[in-house]
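# Next comes the sequence, and after it the predicted model I'd like to discuss.
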Amino acid sequence: MTRMTRYARLARQLSLFVAVGTMAALTHWGVAVLLVSRLTWAPALANVAGWLVAFVVSFTGHHFLTFRDALTPWSVAARRLFLISAGNFVLNEIVYITLLRSTDLPYDGLLAGILIAQAVLTFLASRYWAFRSGPHREAS
(Lines give C-alpha, C1' and ligand atoms only; values in the text may rest on other atoms or scores of the structure.)
Protein backbone atom coordinates (compact mmCIF):
# COMPACT_ATOMS: atom_id res chain seq x y z
CA MET A 1 0.00 0.00 0.00
CA THR A 2 1.44 3.37 -0.96
CA ARG A 3 1.94 6.11 1.59
CA MET A 4 -0.79 8.23 -0.03
CA THR A 5 -3.23 5.32 0.08
CA ARG A 6 -2.48 4.80 3.78
CA TYR A 7 -3.06 8.51 4.50
CA ALA A 8 -6.28 8.53 2.48
CA ARG A 9 -7.50 5.44 4.34
CA LEU A 10 -6.59 6.98 7.70
CA ALA A 11 -8.32 10.28 6.77
CA ARG A 12 -11.46 8.37 5.76
CA GLN A 13 -11.33 6.33 8.96
CA LEU A 14 -10.93 9.48 11.08
CA SER A 15 -13.85 11.15 9.29
CA LEU A 16 -16.08 8.15 9.92
CA PHE A 17 -14.90 7.97 13.53
CA VAL A 18 -15.88 11.60 14.09
CA ALA A 19 -19.28 11.11 12.41
CA VAL A 20 -20.10 7.96 14.41
CA GLY A 21 -18.78 9.53 17.62
CA THR A 22 -20.91 12.62 17.07
CA MET A 23 -24.02 10.49 16.57
CA ALA A 24 -23.22 8.49 19.71
CA ALA A 25 -22.62 11.67 21.74
CA LEU A 26 -25.92 13.18 20.54
CA THR A 27 -27.68 9.93 21.40
CA HIS A 28 -26.12 9.89 24.87
CA TRP A 29 -27.16 13.49 25.53
CA GLY A 30 -30.64 13.06 24.05
CA VAL A 31 -31.48 9.92 26.01
CA ALA A 32 -30.23 11.44 29.26
CA VAL A 33 -32.17 14.68 28.75
CA LEU A 34 -35.32 12.81 27.76
CA LEU A 35 -35.17 10.55 30.80
CA VAL A 36 -34.63 13.48 33.18
CA SER A 37 -37.10 15.90 31.61
CA ARG A 38 -39.93 13.52 30.69
CA LEU A 39 -39.60 10.59 33.08
CA THR A 40 -38.01 12.48 36.02
CA TRP A 41 -35.05 10.13 36.35
CA ALA A 42 -32.14 11.26 38.48
CA PRO A 43 -29.51 12.86 36.22
CA ALA A 44 -26.75 10.46 37.28
CA LEU A 45 -28.88 7.42 36.46
CA ALA A 46 -30.07 8.98 33.19
CA ASN A 47 -26.44 9.62 32.27
CA VAL A 48 -25.62 5.93 32.66
CA ALA A 49 -28.65 4.94 30.55
CA GLY A 50 -27.68 7.48 27.88
CA TRP A 51 -24.15 6.10 27.80
CA LEU A 52 -25.41 2.51 27.41
CA VAL A 53 -27.69 3.42 24.49
CA ALA A 54 -24.90 5.48 22.93
CA PHE A 55 -22.56 2.49 23.20
CA VAL A 56 -24.87 0.52 20.88
CA VAL A 57 -24.82 3.39 18.37
CA SER A 58 -21.04 3.68 18.69
CA PHE A 59 -20.28 -0.01 18.30
CA THR A 60 -22.65 -0.46 15.38
CA GLY A 61 -21.25 2.54 13.53
CA HIS A 62 -17.64 1.68 14.17
CA HIS A 63 -18.11 -2.01 13.33
CA PHE A 64 -19.94 -1.40 10.05
CA LEU A 65 -18.32 1.89 8.99
CA THR A 66 -15.17 3.12 10.71
CA PHE A 67 -13.37 -0.21 11.13
CA ARG A 68 -15.27 -2.31 8.59
CA ASP A 69 -12.03 -3.60 7.05
CA ALA A 70 -10.85 -5.04 10.36
CA LEU A 71 -10.97 -8.80 10.60
CA THR A 72 -11.75 -8.79 14.30
CA PRO A 73 -14.75 -10.94 15.20
CA TRP A 74 -17.63 -8.68 16.25
CA SER A 75 -17.94 -10.37 19.65
CA VAL A 76 -14.29 -9.67 20.47
CA ALA A 77 -14.50 -6.09 19.17
CA ALA A 78 -17.73 -5.46 21.11
CA ARG A 79 -16.19 -6.59 24.40
CA ARG A 80 -13.06 -4.55 23.79
CA LEU A 81 -14.95 -1.41 22.77
CA PHE A 82 -17.20 -1.80 25.81
CA LEU A 83 -14.15 -1.87 28.07
CA ILE A 84 -12.75 1.22 26.34
CA SER A 85 -16.10 3.01 26.56
CA ALA A 86 -16.70 2.08 30.20
CA GLY A 87 -13.19 3.11 31.18
CA ASN A 88 -13.60 6.41 29.36
CA PHE A 89 -16.97 7.03 31.00
CA VAL A 90 -15.55 6.52 34.49
CA LEU A 91 -12.39 8.51 33.76
CA ASN A 92 -14.41 11.32 32.17
CA GLU A 93 -16.61 11.67 35.23
CA ILE A 94 -13.71 11.58 37.69
CA VAL A 95 -11.65 14.14 35.77
CA TYR A 96 -14.63 16.38 35.08
CA ILE A 97 -15.84 16.48 38.68
CA THR A 98 -12.30 16.94 40.01
CA LEU A 99 -11.54 19.82 37.65
CA LEU A 100 -14.92 21.46 38.27
CA ARG A 101 -14.17 21.49 41.99
CA SER A 102 -10.51 22.51 41.76
CA THR A 103 -10.45 25.12 38.97
CA ASP A 104 -12.37 28.16 37.86
CA LEU A 105 -12.60 26.90 34.27
CA PRO A 106 -16.07 27.18 32.74
CA TYR A 107 -17.90 23.85 32.83
CA ASP A 108 -18.76 23.81 29.12
CA GLY A 109 -15.23 24.48 27.89
CA LEU A 110 -13.83 22.02 30.40
CA LEU A 111 -16.21 19.31 29.25
CA ALA A 112 -15.45 20.03 25.60
CA GLY A 113 -11.73 19.63 26.25
CA ILE A 114 -12.22 16.39 28.13
CA LEU A 115 -14.47 15.00 25.39
CA ILE A 116 -11.93 15.88 22.69
CA ALA A 117 -9.12 14.20 24.63
CA GLN A 118 -11.39 11.22 25.25
CA ALA A 119 -12.20 10.97 21.54
CA VAL A 120 -8.49 10.86 20.63
CA LEU A 121 -7.83 8.13 23.20
CA THR A 122 -10.91 6.18 22.05
CA PHE A 123 -9.80 6.31 18.41
CA LEU A 124 -6.32 5.04 19.23
CA ALA A 125 -7.59 2.28 21.53
CA SER A 126 -10.24 1.26 18.99
CA ARG A 127 -7.88 1.22 16.03
CA TYR A 128 -5.01 -0.55 17.75
CA TRP A 129 -6.88 -2.85 20.11
CA ALA A 130 -10.68 -3.17 19.85
CA PHE A 131 -10.78 -3.53 16.04
CA ARG A 132 -7.16 -4.63 15.55
CA SER A 133 -6.73 -6.97 12.59
CA GLY A 134 -4.55 -10.01 13.00
CA PRO A 135 -4.35 -12.97 15.37
CA HIS A 136 -6.74 -12.68 18.29
CA ARG A 137 -6.68 -14.22 21.69
CA GLU A 138 -9.57 -13.94 24.09
CA ALA A 139 -7.24 -12.73 26.83
CA SER A 140 -6.18 -9.78 24.65
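Structure received. Numbers count the residues shown, from 1 in each chain.
# low pLDDT regions in the chain?
The model of the chain has pLDDT under 70 over residues 1, 108, 112, 133-140.
# Pull out the buried residues from the longest helix along it.
Counting by DSSP state H, the longest helix found in the chain is helix 3-39. For helix 3-39, the neighbour count (16 or more other C-beta atoms under 10 Å) marks 13, 16-17, 20-21, 24-25, 27-28, 31-32, 35-36 as buried. Heads up, the C-betas are built off the backbone N, CA and C, glycines and all.
# Out of these, the closest to H62 would be?
Closest approach to H62 among the buried residues of helix 3-39 (C-beta to C-beta): V20, at 5.6 Å.
# per the record, what domains does this structure have?
Using the TED database, the domains assigned to the chain come out as 1-64, 73-131.
# related to what we said a few turns ago, next SSE downstream of the longest helix of the chain?
The helix or strand immediately downstream of helix 3-39 is helix 43-61, counting by DSSP states H and E.
# Residues contacting that following helix, please?
16, 19-21, 23-25, 27-33, 35-36, 41, 77-78, 81-82, 85, 89 (C-beta atoms under 8 Å, 6 or more residues apart in numbering).
# Stretch 32-40 too?
Residues outside stretch 32-40 that contact it (C-beta under 8 Å, 6+ apart): W41, A42, P43, L45, A46, N47, A49, G50.
# which of these sit farthest apart?
Across the contacts of stretch 32-40, the longest distance by C-beta to C-beta is 12.4 Å; it joins A42 and G50.
# If you count surrounding residues, which of the two has more?
Per other C-beta atoms under 10 Å, whichever of A42 and G50 has more neighbours is G50, with 24 against 10.
# ok, the more buried one to V36 distance?
Distance, G50 to V36, using C-beta to C-beta, to the nearest Å: 9 Å.
# Thanks a lot, see you next time.
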